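A.B. asks: one predicted model, sequence on top.
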Amino acid sequence: MMRLSITIAFIMGAVCSAQAHDMVPAAPQSQPILVKNATLHTVLNGVQPQTDLLLKDGKIAAIGQQLSADNATVIDASGKHVYPGLVALDTTLGLVEISYVRSTDDTEDVGTDNPQLEAGAAFNPDSELIPTVRANGIAYAQVVPRGDGLAGQSTLVNLDSWTIEDAVHRAAVQVHLNWPTMPRWGVKTDEQKAKAKAAYEQKIKDIDQHFQSAYRYALAAKAKQIKTPDERWQAMLSLFDGSGKLFVHADKQQAIEDAAAIAKKYQLSLVIVGGYDAWRSADVLNEMHASVVYTHMLDLPERSDEPIGQAFKIPALLKSAGIPFAIGFSDDWDSRNLPLAAAQTVAWGLTTDEALKAITLDAAKIVGASDLGALAVGYAGSIVISSGDILDPAFGKIEALYIDGRKVDLNNRHRQLYHKYLTR
């Protein structure tokens with residue numbers, strides 16, 4: 001009993017200590033910030049060496065040569081690189097702290113029909129994981145619910161805030177559907193295969209029934225004929241009026257095309273998450289103007305007969321097929337590897353500019369954030385200053401991160417422990 005008590009006390013202590021980090025969120029920008037003589041990786045207008053950038057009132061106010069501003073904080077960035085803040089898609093940041101401690105995991109709820117659930121309601125801006133992620137230049141994250149079926153809605157947040165209200169960044173409504181999969185193991189006989197196929201088809205029928213009910217509800221809402229409000233279908237109205245997007249988590253070609261058929265039937269804006277086989281369905285996806293959040297950049301091949309580098313070259317295949325895509329990293333703390341995942345695409349067919357765009361501007365477009373992901377006048381003043389290539393984890397050396405013109409504290413638990421054990 002004593003050992004059990006000690007173990008419980010240790011776990012509870014670890015949980016309590018992991019609930020909040022020590023870094024204080026930055027105050028709103030109060031005076032102009034002028035970055036001088038930097039190499040700007042604008043994403044929209046190429047790389048501009050020896051160029052100045054002015055941040056004012058949380059926005060990029062000017063870009064050019066020999067800029068000046070009254071009462072500005074001047075940063076000499078000679079020899080430095082400036083990038084837009086990175087946008088991490090398909091993360092569970094702020095929803096899970098310690099994966100093996102259930103009380104710190106708010107990634108999913110029970111049931112398969114929860115479109116009304118919002119990930120932002122469970123987001124913890126004090127998570128110890130957040131500072132370790134933004135130290136790699138990640139300024140924004142799409143916080144995504146997990147689970148089966150209609151899992152809920154994701155929220156786009158900035159990674160330096162006191163509360164969820166401070167964190168939320170304006171974006172499209174994002175409803176997430178986890179597509180069913182065919183069993184891979186234990187299905188050998190013809191009878192087992194027939195049963196598995198029948199079960200899969202029944203799940204698709206159930207999904208179609210959900211969307212049919214939601215579509216009828218949307219028609220009734222448009223005609224102002226709703227007598228008994230249903231929070232589930234109310235949450236899906238944006239899908240039918242064009243202001244929201246349906247994010248379907250699917251990898252296999254059959255699943256992607258089955259999901260596309262549902263989206264086409266109800267004229268929904270479709271984003272495929274995962275998307276391992278998305279390039280194989282280019283005609284179907286391009287016809288619908290669908291996008292892909294590819295999340296397998298550092299994975300092994302899905303099939304035993306595929307080459308070892310198959311997962312690595314899929315972004316280049318998506319590019320060749322003309323499918324709009326972004327690179328995502330489906331994790332919590334591990335989402336800090338997003339720049340590394342993007343860098344891997346350069347070795348397998350994309351240019352450096354295309355790789356950077358896949359984790360900045362293209363990622364922002366997919367979630368409907370029109371003012372993120374580029375260095376351009378009017379865009380958010382969210383920038384990264386580094387001494388090297390941000391896609392190179394060994395030599396990137398990020399020196400500063402600004403979110404909406406606010407300088408973010410890059411200290412974090414990993415850095416503290418590193419310095420602690422240097423003195424041992």
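C.D. replies: Everything's here; your move. Numbering: from 1, shown residues only.
A.B. asks: how many neighbours does the nearest residue to residue 346 once chain neighbours are set aside have?
C.D. replies: Distances taken as CB to CB, 6 or more residues apart in numbering place residue 355 nearest to residue 346, at 5.0 Å, with adjacent residues excluded. The C-beta positions use only the backbone N, C-alpha and C, and glycine is treated the same way. If you count neighbours by other CB atoms under 10 Å, residue 355 ends up with 24.
A.B. asks: pop out the phi and psi values for residue 355.
C.D. replies: phi -60, psi -40 (degrees, to the nearest 10).
A.B. asks: and it, what does it touch?
C.D. replies: 315, 327, 342-343, 345-346, 391 (CB atoms under 8 Å, 6 or more residues apart in numbering).
A.B. asks: now do the contacts for residue 218.
C.D. replies: Residue 218 neighbours (CB under 8 Å, 6+ apart): 233, 236-237, 239-241.
A.B. asks: which among these count as buried?
C.D. replies: For those, a burial check counting by 16 or more other CB atoms under 10 Å picks out 233, 236-237, 239-240.
A.B. asks: can you redo these as a markdown table with distance to residue 415 and pLDDT?
C.D. replies: Output for those, formatted as a markdown table (distance: CB to CB, whole Å; pLDDT from 0 to 100):
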| residue | distance to residue 415 | pLDDT |
| --- | --- | --- |
| 233 | 47 | 95 |
| 236 | 43 | 96 |
| 237 | 45 | 96 |
| 239 | 42 | 97 |
| 240 | 47 | 96 |
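A.B. asks: looks like residue 40 contacts residue 62 (just checking).
C.D. replies: No - applying CB atoms under 8 Å, one finds residue 40 not in contact with residue 62, separated by 11.9 Å.
A.B. asks: joint contacts of those two?
C.D. replies: With CB under 8 Å, 6+ apart, residue 40 and residue 62 have common neighbours residue 53.
A.B. asks: in contact with the residue nearest the centre of the chain, which residues?
C.D. replies: Compute the mean C-alpha point of the chain, and by CA atoms, centre = their mean the closest residue is residue 89, 1.1 Å away. For residue 89, the contacting residues are 141-142, 273, 293, 295, 326-329, 363, 366-367, by CB under 8 Å, 6+ apart.
A.B. asks: how much space separates it from residue 61?
C.D. replies: 28 Å (CB to CB, to the nearest Å).
A.B. asks: just say helix, strand or coil for the residue nearest to the centre of the chain.
C.D. replies: strand (DSSP: H, G, I helix; E, B strand; the rest coil).
A.B. asks: quick check: closest non-adjacent residue to it.
C.D. replies: residue 328 (3.7 Å).
A.B. asks: burial of the one you found, as a residue count?
C.D. replies: For residue 328, using other CB under 10 Å, the count is 29.
A.B. asks: distance between stretch 67-84 and the chain's centre?
C.D. replies: Taking the mean of its C-alpha atoms, stretch 67-84 sits 28 Å from the chain's own mean (CA atoms, centre = their mean, to the nearest Å).
A.B. asks: and if you look at stretch 163-178?
C.D. replies: Per CA atoms, centre = their mean, the centroid offset for stretch 163-178 relative to its chain is 10 Å.
A.B. asks: quick one: mean pLDDT over it.
C.D. replies: For stretch 163-178, mean pLDDT rounds to 96.
A.B. asks: what residues does stretch 262-274 touch?
C.D. replies: 89-90, 176, 204, 207-208, 211, 215, 239-240, 242, 244-251, 256, 259-260, 278, 285, 287-296, 328, 330, 366.
A.B. asks: and it, how far from the chain's centre?
C.D. replies: Worked out by CA atoms, centre = their mean, stretch 262-274 lies 18 Å from the chain centre.
A.B. asks: show me where pLDDT drops low in this protein?
C.D. replies: 1-20, 185-186 (pLDDT under 70).
A.B. asks: can you pull the domain assignment for it?
C.D. replies: 22-84+373-424, 86-370 (automatic domain parsing).
A.B. asks: give me the contact list for stretch 278-295.
C.D. replies: 89-90, 247, 253, 256-257, 260, 263-264, 269-276, 314-315, 317-318, 320-330, 363, 365-366.
A.B. asks: buried residues, the strand or helix carrying residue 232. List them.
C.D. replies: Using DSSP states H and E, the element containing residue 232 is helix 231-234. Going by neighbour count (16+ other CB under 10 Å), the buried part of helix 231-234 is 232-234.
A.B. asks: next structured bit after it?
C.D. replies: helix 237-241.
A.B. asks: CA atoms only for that following helix, dumped as CSV, please.
C.D. replies: Extracted in CSV, the C-alpha atoms of helix 237-241 (Å, rounded to 0.1, in the frame of the first residue of the first chain):
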residue,chain,number,x,y,z
LEU,A,237,-24.6,24.7,-41.0
SER,A,238,-21.4,26.3,-42.1
LEU,A,239,-20.6,23.3,-44.3
PHE,A,240,-23.7,23.9,-46.4
ASP,A,241,-23.4,27.6,-46.7
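A.B. asks: who does the helix or strand just after that helix pair up with?
C.D. replies: Later in the chain than helix 237-241, the nearest helix or strand by DSSP H and E is strand 244-250. Note on strand 244-250: by DSSP bridges, its sheet partners are strand 173-178 (parallel), strand 270-274 (parallel).
A.B. asks: so how far is residue 207 from residue 372?
C.D. replies: Taken as CB to CB, the span from residue 372 to residue 207 is 31 Å.
A.B. asks: quick one on the thing from earlier: show the contacting residues for the residue nearest to residue 89.
C.D. replies: The contact partners of residue 328, by CB under 8 Å, 6+ apart, come to 88-91, 142, 273, 293-295, 338, 363.
A.B. asks: likewise residue 235?
C.D. replies: With CB under 8 Å, 6+ apart, residue 235 has these contacts: 115-116, 153, 175.
A.B. asks: for residue 313, same thing?
C.D. replies: 348-349.
A.B. asks: so how far is residue 303 from it?
C.D. replies: Relative to residue 303, and taking CB to CB, residue 313 is found at 14 Å.
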